[in-house]
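S.K.: my questions are about this predicted structure, shown below with the sequence.
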Amino acid sequence: MELYFDYKKNYLKRKLVFVFALALFALLDGYLLSAISFFGKAGISLFYTQYNFLKIWWKGALLVFIIWIFLFVVQNALSKKLSKATSNNLFAVSSLLAIIGMYFSYADFRNSLSHRWLGERFHLGVYLFWLGWIAISVYLLLEKNRALESIIKKTIEES
């Protein structure tokens, strides 16, 4: 029984450390998204006013963090309910969607003049968002395998 509580304690510590790392990367992402070029800021102020929140670093960071936490909670809940093979497929599909999103962002930044003018730091912020989603999927995939290994170790030690 003591092993179970040690596992739960370490499990929660790892999740807390990962969420803290997501928060730090969200702060960096918020800064990068707010580092829009002069032309980008003018375009947002004049034409795309619904994106005014991107000019303020903490609003962008908060939005990115909320989305990442939502993805983390949903994928974690689904991984607990699904079998190992199905959850591995879920993580693969989730990572693939993030890679596709990153590719379309890259293609859009290269082919759309108005988006190209947003600046490289803004582009890096968008890419960091997609990398964060991939990191969530990889973390949960590795965490699922760690949980299975600790359960196997526990049953072997008990028998």
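M.R.: Received, thanks.
S.K.: low pLDDT regions in this protein?
M.R.: Applying pLDDT under 70 to the chain picks out residues 1-9, 144-159.
S.K.: run through the helices of it in chain order.
M.R.: With helices called from DSSP state H, the chain shows them at 2-34, 38-46, 57-81, 84-111, 113-116, 120-158.
S.K.: reformat these as TSV; add mean neighbour count.
M.R.: For glycine as for every other residue, the C-beta is placed from the backbone atoms N, C-alpha and C. Formatted as TSV, the helices of the chain follow (neighbours: other CB atoms under 10 Å):
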stretch	mean neighbour count
helix 2-34	15
helix 38-46	14
helix 57-81	16
helix 84-111	14
helix 113-116	12
helix 120-158	16
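S.K.: look up how far Val93 lies from Leu32.
M.R.: 27 Å (CB to CB, to the nearest Å).
S.K.: can you check Leu24 too?
M.R.: As judged by CB to CB, Leu24 and Val93 stand 27 Å apart.
S.K.: for Asn52, same thing?
M.R.: 34 Å.
S.K.: before we move on, what about Ala77?
M.R.: Counting by CB to CB, the gap from Ala77 to Val93 is 16 Å.
S.K.: go on, Ile99?
M.R.: According to CB to CB, Ile99 and Val93 sit 11 Å apart.
S.K.: between those two, what contacts are shared?
M.R.: Overlap of the contact sets of Ile99 and Val93 (by CB atoms under 8 Å, 6 or more residues apart in numbering) is empty.
S.K.: so what's Gly132 up against?
M.R.: With CB under 8 Å, 6+ apart, Gly132 has these contacts: 22, 25-26, 29, 64, 68.
S.K.: sorry, wrong one. I was asking about Ile36.
M.R.: 44, 54-55, 118-119, 121-122.
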